[in-house]
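Chemist: Based on what follows, work out the 3D shape:
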Amino acid sequence: MTLAVNILDLLDPQAIFVLLAVIFAAIKAFFEHRKKGESEEIVGEETEFNVFQAYEEELARQRRDLQIEVPSPTTPPPLPSVPTRPRLTQAEKEALSNLNLLTKRRSRKTGNSTRSRLYRHLSSPTAAREALLLAEVLGPPKSLQNDR
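Modeler: Residues are numbered from 1 along each chain as shown. This is a model prediction of the structure:
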């Protein structure tokens, strides 16, 4: 008994008060949790937690607590069956016709001529590799080449 008295004499009275407050708060939380569990439906372990549903429930609770009224969502008006094309101004019409003329002129020039096909081929990324390969295959043998 003397050992217990000595420990109580060593403890600060404020520390004892804080310890008792923590114990009472834990007991109160336990009973509130138990009361809350009885009032709600018991959810089995097989059901999965739905984050969206929990979010919606929390929003509904906050709206109810703060007394915020949210209007019910209305259905949007139906879309027209025929889409409407944008109207062009006179300047936009002229620019479009000039652009169409330019593309027609280019398409006539860049037909399937040999020159245009050669330019397209040489502008490709693999053209240099193919050129070296063709020079090796079609060029003179190594023994007949000049030492450069």
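Chemist: what stretches of the chain score poorly on pLDDT?
Modeler: Residue ranges of the chain with pLDDT under 70: 1-5, 8, 38-47, 105-111, 147-148.
Chemist: On the C-terminal side of the longest helix seen in it, identify the next helix or strand.
Modeler: Longest helix in the chain by number of residues (criterion: DSSP state H): helix 13-39. The element immediately downstream of helix 13-39 (helix or strand, assigned by DSSP states H and E) is helix 51-66.
Chemist: how about the CA coordinates for that following helix, as PDB?
Modeler: Extracted in PDB, the C-alpha atoms of helix 51-66 (Å, rounded to 0.1, in the frame of the first residue of the first chain):
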ATOM      1  CA  VAL A  51     -17.000   5.700 -52.400                       C
ATOM      2  CA  PHE A  52     -19.400   7.600 -54.600                       C
ATOM      3  CA  GLN A  53     -22.400   6.600 -52.400                       C
ATOM      4  CA  ALA A  54     -20.500   7.600 -49.300                       C
ATOM      5  CA  TYR A  55     -19.700  11.000 -50.800                       C
ATOM      6  CA  GLU A  56     -23.300  11.600 -51.800                       C
ATOM      7  CA  GLU A  57     -24.500  10.700 -48.300                       C
ATOM      8  CA  GLU A  58     -22.000  13.100 -46.800                       C
ATOM      9  CA  LEU A  59     -23.100  15.900 -49.100                       C
ATOM     10  CA  ALA A  60     -26.800  15.200 -48.300                       C
ATOM     11  CA  ARG A  61     -26.000  15.300 -44.600                       C
ATOM     12  CA  GLN A  62     -24.100  18.600 -44.900                       C
ATOM     13  CA  ARG A  63     -26.900  20.100 -47.000                       C
ATOM     14  CA  ARG A  64     -29.400  19.000 -44.400                       C
ATOM     15  CA  ASP A  65     -27.300  20.400 -41.500                       C
ATOM     16  CA  LEU A  66     -26.700  23.700 -43.200                       C
END
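Chemist: Off-centre distance for that helix?
Modeler: In this view, helix 51-66 has its centroid 24 Å away from the chain centroid, taken as Cα atoms, centre = their mean, to the nearest Å.
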